[in-house]
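Asks: got a predicted structure plus its sequence, pasted below:
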Amino acid sequence: MRTEGDWRLGERRRERELEGSGGERSDQDFRQGTGESDGLDVDLGDPRRLRAKVLVTVLGGVLMLTAGAWAVGSLIEGSHGLQNIGGASEGVHWSRFGQKLELEPSLDESAGDGSIEIGVHPKPGWASASGKDSHGRWAEFQVGEVVQRMRWIPAGTFTMGSPKDDPGRFSDEGPRHEVRLSEGYWMADTECTQALWAEVMDGNPSEFVSPTRPVEQVSWADVQVFIPKLNTRVPGLEASLPTEAQWERACRWESEPGPYVGPVEILGAHNAPDLDLVAWYGGNSGIGFELREGRDSSSWSGKQYPHTPLAGTHPVRGKDPNGVGLYDMLGNVWEWCADGRRAYPETGGVSVDPVGSGRERAVRGGSWVSDARLVRTAYRLGNAPGNRLDFLGFRLARGP
């Protein structure tokens, strides 16, 4: 039986000022363009004239503003009688056929050059449903009876890697460096389930058989067969695997220190209490495990809980999500990435849309059998693209 030890391990912005937001602006301040969304014709101001990034979303007939900005009477005026009845930024109100609509501001990324974007986000053509909640934008696609939710990850810059004083750090997690992802993308809110895999592939290779658990024992090469078949079933989906940088950006979507951001306090080989709320790992994966097929965990040292005798994967969404609504980014199963592990740059500057190379493919996140030290956002592992293991699966991504 293959274990993680068989692998070759490495050593291992809202205080944005809106310029001019206090001043009045006239209709002449904007050149008008036209956008369309869900049957609503919307006139949009020239993005180059604004000073903060503004995105307008139409969700079920309600407009939502995803960044604060001053309100301009002619900024949005459509053929459906939509008119500005409000003032400035934080909580702009609009009326449509006498009905008050609230535009809810929330954080978004700037375009990077001081300009602003105004856009309309209709339901994606590949989606069966879409919306917005406390975690942000989401869209779902459906294959047969199986529904998979995707979460929107905006473009932006983040710090990749771990600091030198991070407990459990391996050398290839550094140097820490800035990474710019120039386009937003979608990430599945869960690892690919056995139900989705079986619906597309007419079979299930998993050791821990259960439709709501992540599929495992699938190689990177197997996933390259699965994805085109899925894309044929869902026209326009254009699913893929995330790059290693996309994976880490999505995993780190938190504003406060914690297991997704770090550091993680490690008390024993399989004991990191910080992980318990968000991850199935070697310290807790035997708790509530109900299948007959499982790994004997009695010899695992330093467990957070004295679980025995069997451990394995668990149904997805069993732990708390991160800030953008992604579940099991840490633990349950390792996740294949599209690319290989690149060498992190020794010099300063920003790496833009980096992609790794090499024969091995990067895998991220740790698994139900992992030591606590491996279940960290910055930890990196590589694996041969043909390997199939009962602690290795994947998560779907999609470009903008």
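Replies: Right, received. Where do you want to start?
Asks: poorly predicted segments of the stretch 151-300 of the chain, please.
Replies: 255-257 (pLDDT under 70).
Asks: where do the domain boundaries of this protein fall?
Replies: Per automatic domain parsing, the domain ranges recorded for the chain read 13-122, 129-398.
Asks: would you turn those domains into a markdown table with mean neighbour count?
Replies: Where you see a C-beta, it was placed from the backbone N, CA and C, and this is true even at glycine. Output for those, formatted as a markdown table (neighbours: other Cβ atoms under 10 Å):
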| stretch | mean neighbour count |
| --- | --- |
| domain 13-122 | 16 |
| domain 129-398 | 20 |
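Asks: which residues touch the closest residue to Gly144 other than its chain neighbours?
Replies: Closest residue to Gly144 apart from its sequence neighbours, by Cβ to Cβ, 6 or more residues apart in numbering: Glu199 at 4.6 Å. Residues in contact with Glu199, defined by Cβ atoms under 8 Å, 6 or more residues apart in numbering, are 143-146.
Asks: ok, now Asn332?
Replies: 191, 214, 279-280, 313-314, 316, 365, 367-368, 393.
Asks: ditto for Glu248
Replies: Taking Cβ under 8 Å, 6+ apart as the test, what Glu248 contacts is 158, 160, 179, 364, 377-378.
Asks: among those, which are in strands?
Replies: 158, 160, 179, 364 (DSSP state E).
Asks: what's the closest of the residues you listed to Glu207?
Replies: Of all the ones in strands among the contacts of Glu248, Glu207 sits closest to Arg364, with 20.5 Å by Cβ to Cβ.
Asks: residues in a beta bridge with the closest one, which ones?
Replies: Beta-bridge partners for Arg364, by DSSP bridges, are Glu335.
Asks: return the member of the ones in strands among the contacts of Glu248 nearest to Lys303.
Replies: Arg364 (23.0 Å).
Asks: roughly how far apart are the closest one and Pro167?
Replies: Applying Cβ to Cβ, to the nearest Å, the value for Arg364 to Pro167 is 19 Å.
Asks: next one: Thr313
Replies: From Thr313 across to Pro167, the span is 26 Å (Cβ to Cβ).
Asks: re earlier: what's downstream of the particular helix or strand that has the residue nearest to Gly144 in it, the next helix or strand?
Replies: Assigned by DSSP states H and E, Glu199 belongs to helix 194-201. Downstream of helix 194-201, the next assigned helix or strand under DSSP H and E is helix 220-233.
Asks: next, the angle from that next one to helix 194-201.
Replies: Angle, helix 220-233 to helix 194-201, by axes from the mean of the first three to the mean of the last three Cα atoms, to 10 degrees: 70 degrees.
Asks: pairing partners for the helix or strand following helix 220-233, with directions?
Replies: Sequence order places strand 239-240 as the next helix or strand after helix 220-233, per DSSP H and E. Strands that pair with strand 239-240, judged by DSSP bridges, come out as strand 397-398 (antiparallel).
Asks: got the contact list for the strand it pairs with?
Replies: Around strand 397-398, the neighbours that count as contacts under Cβ under 8 Å, 6+ apart are 150, 185-188, 237-242, 246, 338.
Asks: could you pull up the mean pLDDT of that strand?
Replies: For strand 397-398, mean pLDDT is 98.
Asks: and for stretch 123-143?
Replies: Rounded mean pLDDT across stretch 123-143 is 94.
Asks: and the end-to-end length of it?
Replies: Using Cα to Cα, to the nearest Å, one end of stretch 123-143 lies 17 Å from the other.
Asks: likewise for stretch 149-167?
Replies: End-to-end distance for stretch 149-167, by Cα to Cα: 34 Å.
Asks: one more: stretch 302-309?
Replies: End-to-end span of stretch 302-309 (Cα to Cα): 15 Å.
Asks: what of stretch 305-313?
Replies: Stretch 305-313 end-to-end distance (Cα to Cα) = 16 Å.
Asks: identify all contacting residues around it.
Replies: Residues from elsewhere that reach stretch 305-313 (Cβ under 8 Å, 6+ apart): 207-208, 210, 213-214, 216, 280, 282-287, 289, 291, 293-298, 300, 332-333, 368-369, 390-391.
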